[in-house]
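Undergrad: let me see the structure of the following:
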Amino acid sequence: MVRELSHYVDGQRVTGTSGRFSDVFDPCTGQVQSRVPLASREEVRNVVAAAEKAQLAWGAMNPQRRGRILLKFVDLVNENMDELATLLSSEHGKTFADSKGDIQRGIEVVEFAAGAPHLLKGEFSDDAGAGIDVHSLRQPLGVVAGITPFNFPAMIPLWKSGPALAAGNAFILKPSERDPSVPLRLAELYSEAGVPDGVFNVVNGDKEAVDALLEDPRVKAIGFVGSTPIAQYIYATAAAHGKRAQCFGGAKNHMVIMPDADLDMAADALIGAGFGSAGERCMAISVAVPVGEETADRLVGKLQDRIKELKVGHSLDKDSDFGPVVAASAKERIEGYIQSGVDQGATLLADGRGLTVEGYKDGFWVGPTLFDHVTKDMKIYQEEIFGPVLSVLRAADYDEALRLCSEHEFGNGVAIFPRDGAPPRDFASRVEVGMVGINV
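TA: Below you'll find the predicted structure:
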């Protein structure tokens, strides 16, 4: 039976009234398991009104008390971890272990945010002018909103809501319509922990709901994680309406493997970072950059051996290394990129197309895919694939590897694997990428 989901407004689940719905699939079976309502502008306005009303008392509450409520919420999430992880796996497709990791990384930020009283202290300047003292106060903005992606339906909503609530804001979450059940359950746990009605709300929807949040003057700030074109749209629209905005877009993360690297460690890291969660991670490593032909040949051999051992299966099968991708459209898009790599001349060493899993023939399966001899002009290098596809782009020397990482449009994260300590020190200071890992 297909369940009908809801919104979460003013401390309770609320049935959608727009008459518009989106199907929520089980990626392992390919079957519709529920329908999520897509909010109208009027529904969004009602959510904002509830949040605005509730924020006044929440913002006036002393920060220590807010922190205690957040710590109670963390305890409740831990108590309900298995339920949440099972629910997450059923809608996203990632393994049970990955789902627990998704949730755990989220509540770690909420725990940190509970210590916000120290960070909320103001400043004081004695005699800033003749007979004038100056002091500053940190005060909540009011109503803020987060628009979050499908790939981390617990972690990213928690990353955004925890600090916002700790600072005394009311929060409206617009999660992905592909896996909305965990955000709705988290809303219930926030209420159970003592967050007042209306302070944390979940409104499900599509562009209509997003635009309503962006244009409402009562919403003071917007946070977003998703694709680059949508990030640019949300940033520009939010700014045009006088809002603060923090928008994270696409990524194409590289790993540089130096000739002296521990290649077994590097290969293990690439398998986990490239194929874990079916590659549907913002920080997935999708490009390996071995320095020198000998390094590349040895690395590729180790990757091929490890790929043969990977098991793709049901998300709740404890032996599965990764599960399906989130949607049929995602599978189709990823397979299109694989064909593009073949057409443009990359060497396909492992082909994840056509994979079937016994008992789940209609699931959204894509197996681990490995390309060698990829070049900068290929589509599989230039664009974010967001699937279990790893490309090997060989660099002649360290300087070329550094240049490749720095020049890519989507320089989100990068890693370098050496033994010698000199290259990573130079790399970390010179590479034009936001986050740098050394042997990790």
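Undergrad: residues in contact with residue 13?
TA: Taking CB atoms under 8 Å, 6 or more residues apart in numbering, we find residue 13 in contact with 6, 7, 184, 188. Using the backbone N, CA and C atoms, a C-beta is placed for each residue, glycine as well.
Undergrad: which of these lies closest to residue 244?
TA: Closest to residue 244 out of those is residue 7 (24.4 Å), distances taken as CB to CB.
Undergrad: what about the closest residue to the closest one other than its chain neighbours, how many residues close to it?
TA: Leaving aside its sequence neighbours, residue 7 sits nearest to residue 14 (CB to CB, 6 or more residues apart in numbering; 4.7 Å). If you count neighbours by other CB atoms under 10 Å, residue 14 ends up with 20.
Undergrad: against residue 180, how distant is residue 14?
TA: 13 Å (CB to CB, to the nearest Å).
Undergrad: same question, residue 255
TA: Counting by CB to CB, the separation of residue 255 from residue 180 is 33 Å.
Undergrad: same question for residue 201.
TA: For residue 201, the distance to residue 180 - CB to CB - is 13 Å.
Undergrad: same question, residue 233
TA: Counting by CB to CB, the gap from residue 233 to residue 180 is 21 Å.
Undergrad: now the residue most central in space within the chain. Nearest residue, chain neighbours left out?
TA: The centre of the chain sits closest to residue 152, judged by CA atoms, centre = their mean, with a distance of 4.5 Å. Distances taken as CB to CB, 6+ apart put residue 102 closest to residue 152, at 5.4 Å, once the chain neighbours are dropped.
Undergrad: that neighbour and residue 24: what is the separation?
TA: Distance check for residue 102 against residue 24: by CB to CB, it reads 17 Å.
Undergrad: so between those two, which is more surrounded?
TA: More neighbours surround residue 102 than the other of residue 102 and residue 24, with 25 against 22 (other CB under 10 Å).
Undergrad: hang on, the more buried one in a helix?
TA: Yes. Assessed by DSSP: H, G, I helix; E, B strand; the rest coil, residue 102 belongs to a helix.
Undergrad: please enumerate the helices of the stretch 51-200 of the chain.
TA: 63-79, 81-92, 96-113, 116-119, 155-166, 181-193 (DSSP state H, counting those that start in this stretch).
Undergrad: hey, which of the ones you listed is tucked in deepest?
TA: Mean neighbour count, computed with mean count of other CB atoms under 10 Å, is highest for helix 155-166 among the helices of the stretch 51-200 of the chain, reaching a mean of 26.
Undergrad: which helices and strands does that helix pack with?
TA: If you count contacts as 3 or more CB pairs under 8 Å, 6 or more residues apart in numbering; DSSP states H and E, helix 155-166 packs onto helix 63-79, helix 96-113, strand 143-147, strand 170-174, helix 181-193.
Undergrad: quickly list the domain ranges of the protein.
TA: Listed domain ranges for the chain are 3-117+139-248, 253-438 (source: automatic domain parsing).
Undergrad: in a markdown table: those, plus mean pLDDT and distance to residue 127.
TA: As requested, these are arranged in a markdown table below (pLDDT from 0 to 100; distance: least, CB to CB, whole Å):
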| stretch | mean pLDDT | distance to residue 127 |
| --- | --- | --- |
| domain 3-117+139-248 | 98 | 25 |
| domain 253-438 | 97 | 41 |
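Undergrad: distance to residue 123 added to the ones you listed, as CSV?
TA: What follows is the domains of the chain, written out as CSV (distance: least, CB to CB, whole Å):
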stretch, distance to residue 123
domain 3-117+139-248, 13
domain 253-438, 29
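Undergrad: I appreciate the help and will end here.
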